[in-house]
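Peer 1: sequence and computational prediction follow.
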Amino acid sequence: MAASPRTVVVTGASKGIGAATVRRLAGRGVRVIAGVRREEDGAALKEQLADRVLPVQLDVTDQDAIAAAAEVVRAEVAERGLNGLVNNAGIAVAAPVEFLPPGELRHQLEVNVIGQIAVTQALVPLLRAARGRIVNVGSIGDRIASPMLGAYTASKFALAALTDTMRMELSRWGIEVSLIEPGAVATPIWGTSVAAADRLLEAAPESIHELYGGQVAAARASARRNDTAGIPPDEVARVIEHALTARRPRTRYLVGRDARIASVVARLPDRLRDRLVLSQSG
């Protein structure tokens with residue numbers, strides 16, 4: 001293992017994988033700059049971890065907020081540069097593509113793709129100075145699409161492609177770029193996704209229930225199972241820590257038994273894969 005990185009930025013640090021990553025890195029002696037949406041979330045992290053964490057309010061869809069956060073990071077690390085960036089912020093929009101409002105698709109991509117790249121662009125000069133690392137938190141959904149989750153999986157496919165591109169483009173400066181591909185993780189994203197999907201359903205035409213009722217119900221049940229039966233966030237945080245500190249990190253990390261199974265299913269012929277996925281989705 002390489003020496004512990006001195007300063008790492010983690011986005012989406014309020015809860016779930018992000019908060020677990022902040023706690024794990026801080027426990028290793030890392031100075032963590034934690035991007036949070038709400039001031040009270042930052043205060044909670046500060047209460048837990050004291051001076052090992054520096055919360056910054058960061059909405060990854062707000063370019064002004066990104067610029068302000070980058071200035072905080074620059075002042076913190078100075079000439080020594082930034083040792084790591086964990087792009088973890090993300091949401092899940094769930095709806096059949098036929099009834100997916102373009103604005104919701106746009107918001108999904110803004111948060112999960114464009115926001116991640118905007119943060120990375122703002123911090124790459126500081127990462128270059130320290131030969132730092134980038135860890136993007138994707139999903140096994142970057143290999144296999146699912147009914148009702150077209151917008152989410154599209155965002156993860158896109159993030160995977162951009163991760164591969166950045167890994168090649170930044171390699172000349174020794175910047176390692178890794179992608180984390182978890183399966184179901186017990187985080188609040190599932191409950192938030194169900195609530196957002198319910199709001200979309202209320203605004204959709206009545207025909208959505210006739211046409212997609214079974215799949216909608218199955219997707220809701222799956223989300224609720226994942227909320228409690230998924231792997232603990234700290235299991236993903238442990239893998240993120242490895243990607244930041246190993247002498248030779250992997251380019252991709254599958255996390256969770258269901259992710260490993262899905263990676264096999266993803267390589268099957270299209271029609272067979274479709275039947276297997278549909279058999280599990282109502």
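Peer 2: That came in fine, so what should we check first?

Peer 1: how far away is the nearest residue to Ala262 once chain neighbours are set aside from Ser14?
Peer 2: Closest residue in space to Ala262, ignoring its immediate chain neighbours: Ile140 at 4.7 Å, by C-beta to C-beta, 6 or more residues apart in numbering. Glycine gets a C-beta too; all of them are placed from N, C-alpha and C. Note on Ile140: its distance to Ser14, by C-beta to C-beta, to the nearest Å, is 23 Å.

Peer 1: repeat for Glu71
Peer 2: Distance from Glu71 to Ser14, counting by C-beta to C-beta: 21 Å.

Peer 1: circling back: hmm, Arg252 and the residue nearest to Ala262 touching each other?
Peer 2: No - using C-beta atoms under 8 Å, Ile140 makes no contact with Arg252, being 10.5 Å away.

Peer 1: shared neighbours of those two, which are they?
Peer 2: Residues within reach of Ile140 and of Arg252 at once, by C-beta atoms under 8 Å, 6 or more residues apart in numbering, are Glu181.

Peer 1: those two: who's more crowded?
Peer 2: Relative neighbour count places Ile140 above the other of Ile140 and Arg252, with 24 against 18, counting by other C-beta atoms under 10 Å.

Peer 1: helices of the chain, start to end?
Peer 2: Assignment of helices within the chain using DSSP state H yields the ranges 16-27, 39-49, 63-77, 102-109, 115-130, 150-170, 189-203, 207-229, 233-245, 257-265, 270-279.

Peer 1: reformat the ones you listed as CSV; add mean neighbour count and distance to Val8.
Peer 2: Formatted as CSV, the helices of the chain follow (neighbours: other C-beta atoms under 10 Å; distance: least, C-beta to C-beta, whole Å):
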stretch, mean neighbour count, distance to Val8
helix 16-27, 24, 6
helix 39-49, 15, 13
helix 63-77, 16, 10
helix 102-109, 15, 26
helix 115-130, 20, 10
helix 150-170, 19, 17
helix 189-203, 16, 22
helix 207-229, 16, 27
helix 233-245, 22, 7
helix 257-265, 16, 24
helix 270-279, 12, 36
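
Peer 1: which of those helices has the lowest average pLDDT?
Peer 2: With a mean of 73, helix 189-203 has the lowest mean pLDDT of these.

Peer 1: so which residues make contact with that one?
Peer 2: 16, 90-95, 99-101, 104, 148, 208-209, 216, 219-220, 223-224, 226-227, 230.

Peer 1: how about a cut-off of 10 Å?
Peer 2: 12, 15-17, 90-96, 99-101, 104, 107, 148-149, 152, 184, 208-209, 212, 216, 219-228, 230 (C-beta atoms under 10 Å, 6 or more residues apart in numbering).

Peer 1: return that helix as PDB; C-alpha atoms alone will do.
Peer 2: Provided in PDB are the C-alpha atoms of helix 189-203 (Å, rounded to 0.1, in the frame of the first residue of the first chain):
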ATOM      1  CA  ILE A 189     -30.800   6.700  -2.500                       C
ATOM      2  CA  TRP A 190     -33.400   4.000  -2.800                       C
ATOM      3  CA  GLY A 191     -36.000   5.700  -0.600                       C
ATOM      4  CA  THR A 192     -35.300   9.000  -2.300                       C
ATOM      5  CA  SER A 193     -35.700   7.300  -5.700                       C
ATOM      6  CA  VAL A 194     -39.000   5.700  -4.700                       C
ATOM      7  CA  ALA A 195     -40.300   9.100  -3.500                       C
ATOM      8  CA  ALA A 196     -39.200  10.800  -6.700                       C
ATOM      9  CA  ALA A 197     -40.800   8.000  -8.800                       C
ATOM     10  CA  ASP A 198     -44.000   8.400  -7.000                       C
ATOM     11  CA  ARG A 199     -44.100  12.100  -7.800                       C
ATOM     12  CA  LEU A 200     -43.500  11.300 -11.500                       C
ATOM     13  CA  LEU A 201     -46.300   8.700 -11.400                       C
ATOM     14  CA  GLU A 202     -48.700  11.200 -10.000                       C
ATOM     15  CA  ALA A 203     -48.000  13.600 -12.900                       C
END
